[in-house]
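Colleague: turn this into a model:
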Amino acid sequence: MTTPADGRIDVAPESGPAPAASAAVSNWNVANLLTMLRIVLVPLFVLVFVYDGGHDSGWRLAAAGVFFVASATDRLDGELARRRHLITDFGKIADPIADKALIGAALICLSLHHELWWWVTAAILVREIGITLMRFWVIRYGVIAASPGGKLKTVLQSLAIFLYVLPLERLAWLDWTATVVMAAALALTVGTGVDYVARAVRLRAGAGKRS
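Modeller: Numbers count the residues shown, from 1 in each chain. Predicted structure coming up:
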């Protein structure tokens with residue numbers, strides 16, 4: 001399972017010559033096309049997941065495959081954007097939206113099928129949407145770099161969802177594995193959310209002192 005990044009706005013600039021300004025980079029680049037592909041795959045995942053009531057093993061395997069491919073595009077578009085200096089204003093907005101849409105759609109589908117507690121889905125969605133909005137709020141003052149805990153959180157979220165989407169009726173041990181991974185993801189979701197809020201407050205306060 002790949003790591004959906006916490007949005008390209010989190011990436012700290014590398015040392016060396018500064019890349020070209022976002023305005024000079026065409027929005028029609030491979031990184032943004034992968035982001036748009038991920039957005040398109042979200043409704044496809046939902047349709048495949050709910051087909052035949054969401055209980056057919058073949059369709060659940062297909063849904064897991066769609067989720068895997070969509071998650072893979074996030075890691076790939078982030079790497080391409082950084083290495084080829086393809087970071088654009090469109091990408092900064094669309095990338096986190098695509099991430100949250102994919103994770104959110106998967107969590108809601110699982111909860112609707114009574115395979116994941118609604119309070120877990122609500123806790124993760126409130127954190128993800130809140131932190132994304134907070135980043136846009138403070139971006140004029142600086143960039144909040146993605147922490148190792150935040151990246152691990154995203155890995156665990158994606159892995160847990162992938163395991164839940166798989167047809168696990170005959171693999172009880174794998175079902176328990178999904179539950180344990182989701183519990184770890186939830187703990188990191190809450191913990192890193194508190195950390196991001198504290199860092200945003202310090203960043204905003206520091207900018208106010210300098211002004």
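Colleague: using the three-state scheme, assign the spatially most central residue of the chain.
Modeller: Against the mean C-alpha coordinate of the chain, by CA atoms, centre = their mean, the closest residue is Asp99 at 3.6 Å. Recorded secondary structure, Asp99: helix (DSSP: H, G, I helix; E, B strand; the rest coil).
Colleague: go ahead and confirm it touches Arg75.
Modeller: No: the pair Asp99 / Arg75 is not scored as a contact, 10.7 Å apart, by CB atoms under 8 Å. All C-beta spots, glycine's among them, are computed from the backbone N, C-alpha and C.
Colleague: low pLDDT regions in this protein?
Modeller: Counting by pLDDT under 70, the chain contains low-confidence residues at 1-23, 54, 143, 145-146, 169-170, 207-211.
Colleague: let's see it at 80
Modeller: Counting by pLDDT under 80, the chain has low-confidence residues at 1-27, 52-56, 77-82, 84-93, 135-136, 138-147, 168-173, 204-211.
Colleague: which one's the longest helix in it?
Modeller: Secondary structure of the chain per DSSP state H: the longest helix is helix 172-210.
Colleague: can you name every helix or strand that that helix contacts?
Modeller: helix 118-138, helix 148-165 (3 or more CB pairs under 8 Å, 6 or more residues apart in numbering; DSSP states H and E).
Colleague: and these: which comes nearest Trp59?
Modeller: For the helices and strands packed on helix 172-210, proximity to Trp59 was assessed by CB to CB; helix 148-165 is nearest, at 10.4 Å.
Colleague: dump the C-alpha coordinates for that closest one into CSV.
Modeller: The C-alpha coordinates for helix 148-165 follow below in CSV (Å, rounded to 0.1, in the frame of the first residue of the first chain):
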residue,chain,number,x,y,z
PRO,A,148,6.8,11.5,10.0
GLY,A,149,3.8,10.7,12.2
GLY,A,150,1.4,12.3,9.7
LYS,A,151,2.9,10.2,6.9
LEU,A,152,2.7,7.0,8.9
LYS,A,153,-0.9,7.9,9.8
THR,A,154,-1.8,8.1,6.1
VAL,A,155,-0.1,4.8,5.4
LEU,A,156,-2.0,3.1,8.2
GLN,A,157,-5.3,4.6,7.1
SER,A,158,-4.9,3.4,3.5
LEU,A,159,-3.7,0.0,4.6
ALA,A,160,-6.6,-0.4,7.0
ILE,A,161,-9.2,0.7,4.4
PHE,A,162,-7.6,-1.7,1.8
LEU,A,163,-7.9,-4.6,4.3
TYR,A,164,-11.5,-3.7,5.2
VAL,A,165,-12.5,-3.5,1.5
